[in-house]
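Trainee: sequence and predicted structure below; questions after.
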Amino acid sequence: MSKNGAQNGISAPTFWEQYKRKPLGMVGLFIVLVYIFVAIFAPFLTPYNPKQILLADRIAAPVWFRSVVPQYNDAPSTVRTDLGPNEWTVSEATGGKLSSQEQDGKTITVIGFDPVFSGDVIAEGEADAFEDSEFADAYEKEPDMSVVELSYVVPYTYSPPKTFGLTFNYWIDASPDSKTELQFVIETPEGKEFNLWGKSYSGALGSQPARIDSRDLTLKQRLGLTIFDDPAPRIFSSKGDYRLVLTAKATSGEEPTRVCISDTVFYIPGMVHGVLGADHMGADLWAQLVYGTRISLSIGLSAAAISVAVGTAVGIICGYLGGVVDEFMMRVVDVLMAIPTLPILIILGAILGKSVWNIVLLISAFAWMGTARLVRSQTLSLRERVFVEAAKASGASDAYVMITHILPNVLPLVFAGMVLRIPSAILTEASLSFLGLGDPRVATWGRMLHNARGFGAFTTLAWWWLVPPGLAITFLSLAFVFIGNTVNEILNPRYRERS
């Protein structure tokens, strides 16, 4: 280390040797390393993205509940099936056929129907004979509809679910004189059919979304149920093979009719899911916890670094220059330290908008005063030292003295102070997010607690949603406190004199 660093009586190896002898410091360092590992390898620790929804039922319990809670022994896991052309089976085809087509990088299902009449030209001399023939009535009669029935078998071996759904997009290419009917049915293992959706169109049709949701009032009315009834337990009342049936009927005009279907997804949200269950939107809580580690570490380190940098600069300038500058800045520090921080952060957060970086800047703006006071007091002592007087006598500028001689000697205190600022920043961000002032687009531990409070985790006693983010905040903050106190004990001269 440099001469200034040697004055502290410590070198890098000596510092590490002393640090290793501090059990709490080593515990804190180990915990922080675990969090850093989780933050770096988050994509490999969970298969889900924290923004993915409908992965499971609302407030689904962890999957390991099946082994420890009897009521979850037979609880369903999520059933999700993407149905493309290769998954469907043609159960019936009269005048139509199933095919596939690539469009915009997707493989879509195409149900094609040939024209009813090929359009052969009748010679003028044959027209009267054709009109008198027995085929005239058949020609003028409206033709029967062609039918293509697609089916897919879903094995279901769990207790009845709470909800289920189906989504897909469809469009029809046809001549104006054509008619098309679409229908979706679920057939139970006992052979009972539930008609869940149906549409009828004439001519062509642009792209339309179809959404079947068992919680939808229209579906309940279609099945003859009241608003208080649940279709899912009625339909999936037994274990076995359920058949999904999509039927297309068409009467083509002079041109072929093509029914195109894409992005078909059938799902039954599970009542158990993943390591920590799911939130109110069916999003994976373990993914939110893991990815939240990145945000919390980023906020803590960024806010602490900015606040300590500002506080160090102000402290050195005030302590070294003194006079009016020192008096004015210290009064500013006194005023800012007297302001209740959290209410001001709430007000400014609401004004500036919900953004992670806004939170970092707000936390930094109200966290540098303590560092400024500490560094100022140390600078007042250092500026009277012989090496500083010698530098000034040799013609060194004030800026050179502050950067070259003062700053290296206050860095140990600054580093210890920065480590202790990190848990404060993490807790402040969690508090703001819990109050609804955090960025809703980013998964943070505070946002998890905010959602838990607002969407029923407390009323349903979903502790697997409440406890993990709270413990994550606690252990990370405690780890930095252990490290900060240990570093402060080693580097701070006052602590060394006491020991």
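Mentor: Thanks, I have it. Numbering: from 1, shown residues only.

Trainee: SS state for Ile172?
Mentor: strand (DSSP: H, G, I helix; E, B strand; the rest coil).

Trainee: now swap in Tyr152 and tell me
Mentor: Secondary structure state of Tyr152, per three-state DSSP, is strand.

Trainee: quickly list what it is bridged to.
Mentor: Assessed by DSSP bridges, Tyr152 has beta-bridge partners Leu244.

Trainee: if I look at it, what pLDDT would I see?
Mentor: In this model, Tyr152 is scored at 96, pLDDT.

Trainee: that one: neighbouring residues, count only.
Mentor: Residues contacting Tyr152 under the criterion other Cβ atoms under 10 Å number 17. Any C-beta I mention is one placed from the backbone N, CA and C, and that applies to glycine too.

Trainee: what does the one 5 residues further on give?
Mentor: Other residues near Thr157 number 11, with proximity taken as other Cβ under 10 Å.

Trainee: if I pick it, what's in contact with it?
Mentor: The contact partners of Thr157, taken as Cβ atoms under 8 Å, 6 or more residues apart in numbering, are Lys239.

Trainee: and it, how far is that from Asn73?
Mentor: Distance, Thr157 to Asn73, using Cβ to Cβ, to the nearest Å: 12 Å.

Trainee: also Lys192?
Mentor: Lys192 sits 27 Å away from Asn73, going by Cβ to Cβ.

Trainee: C-terminal to the longest helix along the chain, what's the next element?
Mentor: Ranked by residue count and defined by DSSP state H, the top helix of the chain is helix 285-321. Once helix 285-321 ends, the next helix or strand along the chain (criterion: DSSP states H and E) is helix 323-338.

Trainee: and the angle for that next one with helix 285-321?
Mentor: If you take axes from the mean of the first three to the mean of the last three Cα atoms, to 10 degrees, helix 323-338 sits at 150 degrees to helix 285-321.

Trainee: for helix 323-338, which outside residues touch it?
Mentor: Helix 323-338 is touched from outside by 314, 317-319, 366, 369-370, 372-373, 376, with contacts defined as Cβ under 8 Å, 6+ apart.

Trainee: and if we set it to 10 Å?
Mentor: 311, 314-315, 317-321, 344, 365-370, 372-373, 376, 379-380 (Cβ atoms under 10 Å, 6 or more residues apart in numbering).

Trainee: mark which of those residues are buried, thanks.
Mentor: Buried members of the contacts of helix 323-338, counted by 16 or more other Cβ atoms under 10 Å: 311, 314-315, 317-320, 365-370, 372-373, 376, 379.

Trainee: just the terminal-to-terminal distance for stretch 162-182.
Mentor: The first and final residues of stretch 162-182 sit 26 Å from each other (Cα to Cα, to the nearest Å).

Trainee: in it, what counts as buried?
Mentor: Under the neighbour-count criterion of 16+ other Cβ under 10 Å, stretch 162-182 has 162-166, 168, 170, 172-174, 178-182 buried.

Trainee: roughly how far out does it sit from the chain middle?
Mentor: Distance of stretch 162-182 from its chain centroid, counting by Cα atoms, centre = their mean, to the nearest Å, is 32 Å.

Trainee: and that stretch, average pLDDT?
Mentor: Stretch 162-182 carries an average pLDDT of 93.

Trainee: how about stretch 239-255?
Mentor: 90.

Trainee: and it, how far out from the chain middle?
Mentor: With Cα atoms, centre = their mean, you get 37 Å for stretch 239-255.

Trainee: who's in contact with the residue lying closest to Ser159 once chain neighbours are set aside?
Mentor: Leaving aside its sequence neighbours, Ser159 sits nearest to Asp74 (Cβ to Cβ, 6 or more residues apart in numbering; 4.3 Å). With contacts defined as Cβ under 10 Å, 6+ apart, the neighbours of Asp74 are 66, 157-160, 239, 271.

Trainee: now swap in Gln378 and tell me
Mentor: Counting by Cβ under 10 Å, 6+ apart, Gln378 makes contact with 315-316, 319, 406, 409-410, 412-414, 492-493.

Trainee: hang on, Ser99 in a helix?
Mentor: No - counting by three-state DSSP, Ser99 is located in no helix; its state is strand.

Trainee: so what's it closest to, chain neighbours aside?
Mentor: Distance criterion Cβ to Cβ, 6+ apart; nearest residue to Ser99, sequence neighbours excluded, is Val110 at 4.8 Å.

Trainee: circling back: what distance do you get for the residue nearest to Ser159 to Val154?
Mentor: Distance, Asp74 to Val154, using Cβ to Cβ: 17 Å.

Trainee: in strands, which of the buried residues of stretch 162-182 appear?
Mentor: The members of the buried residues of stretch 162-182 that map onto strands under DSSP state E are 165-166, 168, 170, 172-173, 179-182.

Trainee: quick check: the farthest pair among those residues?
Mentor: Spanning the widest gap among those are Gly165 and Lys179, at 28.2 Å by Cβ to Cβ.

Trainee: which one of the contacts of Gln378 sits closest to Arg222?
Mentor: For those, the nearest to Arg222 is Val414 (68.8 Å; Cβ to Cβ).

Trainee: which parts of the protein belong to which domain?
Mentor: Domain assignment for the chain, taken from automatic domain parsing, gives 3-52+284-498, 79-268.

Trainee: just the endpoints, please. Distance across the last one?
Mentor: According to Cα to Cα, domain 79-268 extends 5 Å from its N-terminal end residue to its C-terminal end residue.

Trainee: ok so, going back, in the longest helix of the chain, what's buried?
Mentor: 285-308, 310-320.

Trainee: average pLDDT across that helix?
Mentor: 93.

Trainee: now do that helix: distance to the chain's middle.
Mentor: Counting by Cα atoms, centre = their mean, helix 285-321 comes out at 24 Å from the chain centroid.

Trainee: that older thread, what secondary structure does the residue nearest to Ser159 sit in?
Mentor: Strictly by three-state DSSP, Asp74 counts as coil.

Trainee: tell me the pLDDT at it?
Mentor: Reported pLDDT at Asp74 in the predicted model: 91.

Trainee: roughly how far does it sit from Arg215?
Mentor: Asp74 sits 22 Å away from Arg215, going by Cβ to Cβ.

Trainee: so who does Ser77 touch?
Mentor: 56, 60, 63, 66, 157-158, 161, 268-274.

Trainee: kindly recompute the last result at 6 Å.
Mentor: Contact analysis of Ser77 by Cβ atoms under 6 Å, 6 or more residues apart in numbering lists Gly270.

Trainee: you'd agree it is in a strand?
Mentor: No - Ser77 is assigned coil when assessed by three-state DSSP, not a strand.

Trainee: tell me the phi and psi of it?
Mentor: Backbone torsions for Ser77, taken as degrees, to the nearest 10, come to phi -80, psi 170.

Trainee: re the thing from before, which residues do Thr157 and Asn73 both contact?
Mentor: With Cβ under 6 Å, 6+ apart, Thr157 and Asn73 have no common neighbours.

Trainee: pretty sure Thr459 belongs to a strand, no?
Mentor: No - using three-state DSSP, the assignment for Thr459 is coil, not a strand.
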